[in-house]
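Engineer: how would this look folded up:
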Amino acid sequence: MTDPARTSEVTVGGDESSSPASTARRRDPVRSAAEDVVRLEQVSKIYPGTKTPAVDNIDLVIQPGEFYSLLGPSGSGKTTTLRMIAGFERPTAGRVFLGETEITRRPPYKRPIHTVFQSYALFPHLNVRQNVGYPLRMAGVGKGEIKSRVQEFLERVAVADFADRMPHQLSGGQRQRVALARALIAEPQLVLLDEPLGALDLKLRQEMQVVLQHIQREVGITFVYVTHDQGEALAMSDHIAIMADGRVHQIGTPQDVYSRPATPFVARFVGSTNLLDCTGTGAGRASAGSIDLEVADVPDTPTYSLSVRPEAIRLGGDADGCDNRLEGVVEEAIYQGSDIQLRIRVGEHLVKARGDVGSFGPGEKVAVGWNRADAVGIAPEAEPAAAK
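Structural biologist: Residues are numbered from 1 along each chain as shown. Purely as a prediction, here's the structure:
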């Protein structure tokens with residue numbers, strides 16, 4: 001098994017023809033953008049002793065300078081995918097490219113890639129300044145440049161005041177910032193982040209989301225970010241690949257995957273939704289059990305799922321004039337501070353909606369409505385989307 005701490009000192013190299021010192025220098029601004037694109041072609045991974053692929057024939061294209069997230073539940077294949085990009089795992093089938101160069105069989109230390117782990121992987125016997133400067137020292141950079149570069153990156157991640165502290169003297173958020181500075185200082189072509197905020201509490205995670213996004217935009221290095229947290233992915237990403245059971249279900253911008261989910265899994269996993277099983281009954285009409293609905297932009301299939309986000313649901317008098325207006329009874333009203341989450345029985349369906357605090361309570365009858373344009377029809381057996 002590869003030691004994460006060890007990889008932090010060796011993943012600063014570039015092509016075999018590049019010297020360690022030269023690859024540790026700043027990136028050439030006139031470098032061709034194609035050199036930085038990550039591409040996975042029909043990549044699969046089956047671990048020894050298993051039959052089910054951990055990653056099943058996926059295609060990905062990651063553009064230079066992107067903040068790209070791999071989002072999915074545990075066991076979806078996202079970390080395995082990241083490890084194949086890093087070189088810690090070798091694909092069973094398929095090819096991995098960095099720019100136009102195939103790196104499928106290239107070892108991790110010969111890839112211009114750095115990985116930030118959830119465990120931080122800081123050297124416990126080195127202080128903050130020494131940890132951050134370690135990749136440059138291993139690359140043979142001069143002491144004077146190391147000192148100035150370390151100071152620059154400590155200031156970028158706001159830990160300059162803790163430069164002489166040891167890792168055990170830092171908070172979790174501070175250690176994560178140090179790990180990020182160490183990953184960035186040699187300015188690799190790609191930084192991989194494997195659930196980097198998972199060990200932090202909610203407040204620190206939210207703070208670090210802002211830090212990560214700001215630094216990534218500032219340095220312009222491509223980030224590939226693994227997470228199971230939909231909020232993190234939606235907040236930070238340029239593009240998101242939604243994964244489940246080793247397959248990519250959808251690739252798109254945060255707005256795309258939230259407002260236009262390609263599969264029922266994506267609709268359920270990204271945010272909250274009402275997913276109604278529908279049967280087409282005529283032009284622009286469908287039935288969801290006992291409910292008759294007006295629909296638009298639905299698949300050309302006899303049956304499909306209709307996804308309606310809770311924020312699209314109109315209640316009470318606001319439901320008047322909606323394309324679909326139904327009657328329901330509130331079963332639950334869950335206080336959430338700024339609003340309440342409602343669960344409303346409409347026929348055989350339990351519809352989720354949001355309301356103002358104190359507006360509706362359990363047992364109350366309420367009108368429920370939404371417009372056709374606010375509902376997305378999804379083919380029930382839709383194949384995972386191809387990479388764009």
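Engineer: So what sits opposite residue 334 in the bridge?
Structural biologist: Legend: beta-bridge partners of residue 334 under DSSP bridges are residue 341.
Engineer: And stretch 104-112, what's buried?
Structural biologist: Residues 106, 108, 110, 111, 112 are the ones in stretch 104-112 that count as buried (16 or more other CB atoms under 10 Å). Any C-beta I mention is one placed from the backbone N, CA and C, and that applies to glycine too.
Engineer: now do stretch 360-377
Structural biologist: For stretch 360-377, burial by neighbour count (16+ other CB under 10 Å) applies to 360, 366, 367, 368, 369, 370, 372, 374, 375, 376, 377.
Engineer: Return the closest of the residues you listed with respect to residue 136.
Structural biologist: Of all those, the one with the least separation from residue 136 (CB to CB) is residue 376, at 49.5 Å.
Engineer: Is the closest one part of a helix or strand, or is it coil?
Structural biologist: strand (DSSP: H, G, I helix; E, B strand; the rest coil).
Engineer: got the contact list for residue 234?
Structural biologist: Contacts for residue 234 (CB atoms under 8 Å, 6 or more residues apart in numbering) come out as 240, 254, 258, 270, 271.
Engineer: Using TSV, please lay out the residues you listed together with secondary structure and pLDDT.
Structural biologist: Listed next are the contacts of residue 234 as TSV, based on DSSP: H, G, I helix; E, B strand; the rest coil; pLDDT from 0 to 100:
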residue	secondary structure	pLDDT
240	strand	98
254	helix	97
258	helix	96
270	coil	95
271	coil	91
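Engineer: By neighbours, which of those wins?
Structural biologist: Counting neighbours by other CB atoms under 10 Å, residue 240 leads those with 28 neighbours.
Engineer: so can I have TSV of the buried residues of stretch 360-377 showing distance to residue 296 and pLDDT?
Structural biologist: Conversion of these to TSV gives the following (distance: CB to CB, whole Å; pLDDT from 0 to 100):
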residue	distance to residue 296	pLDDT
360	28	92
366	25	96
367	21	97
368	18	97
369	15	97
370	12	97
372	4	95
374	10	95
375	8	96
376	10	95
377	8	95
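Engineer: now, which of the contacts of residue 234 sits nearest residue 179?
Structural biologist: Distance to residue 179 across these (CB to CB) is lowest for residue 240, with 23.1 Å.
Engineer: wait, doesn't residue 90 sit right on residue 106?
Structural biologist: No. Using CB atoms under 8 Å, residue 90 makes no contact with residue 106, being 9.9 Å away.
Engineer: For residue 338, which three-state class applies?
Structural biologist: Applying three-state DSSP to residue 338 yields a three-state assignment of coil.
Engineer: returning to that earlier point: redo the contacts of residue 234 as TSV? Include distance to residue 211.
Structural biologist: Formatted as TSV, the contacts of residue 234 follow (distance: CB to CB, whole Å):
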residue	distance to residue 211
240	20
254	19
258	24
270	24
271	24
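Engineer: Let me know the closest of those to residue 248.
Structural biologist: Ranked by distance to residue 248 (CB to CB), the contacts of residue 234 are led by residue 240 at 10.3 Å.
Engineer: so the closest one makes contact with residue 253?
Structural biologist: Yes. Assessed by CB under 8 Å, residue 240 is found in contact with residue 253 at 7.5 Å.
Engineer: tell me which strands and helices the longest helix seen in the chain is in contact with?
Structural biologist: As assigned by DSSP state H, the longest helix anywhere in the chain is helix 202-219. If you count contacts as 3 or more CB pairs under 8 Å, 6 or more residues apart in numbering; DSSP states H and E, helix 202-219 packs onto helix 143-156, helix 172-185, strand 222-227, helix 230-236.
Engineer: For residue 247, which of the ones you listed is the nearest?
Structural biologist: Counting by CB to CB, residue 247 lies closest to strand 222-227 out of the helices and strands packed on helix 202-219; the figure is 15.8 Å.
Engineer: Can you show me the CA trace of the closest one as CSV?
Structural biologist: What follows is strand 222-227 as a C-alpha-only set of coordinates in CSV (Å, rounded to 0.1, in the frame of the first residue of the first chain):
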residue,chain,number,x,y,z
THR,A,222,-7.5,21.9,-12.0
PHE,A,223,-9.1,20.3,-8.9
VAL,A,224,-10.9,16.9,-8.9
TYR,A,225,-12.9,16.6,-5.7
VAL,A,226,-14.5,13.4,-4.3
THR,A,227,-17.4,13.8,-2.0
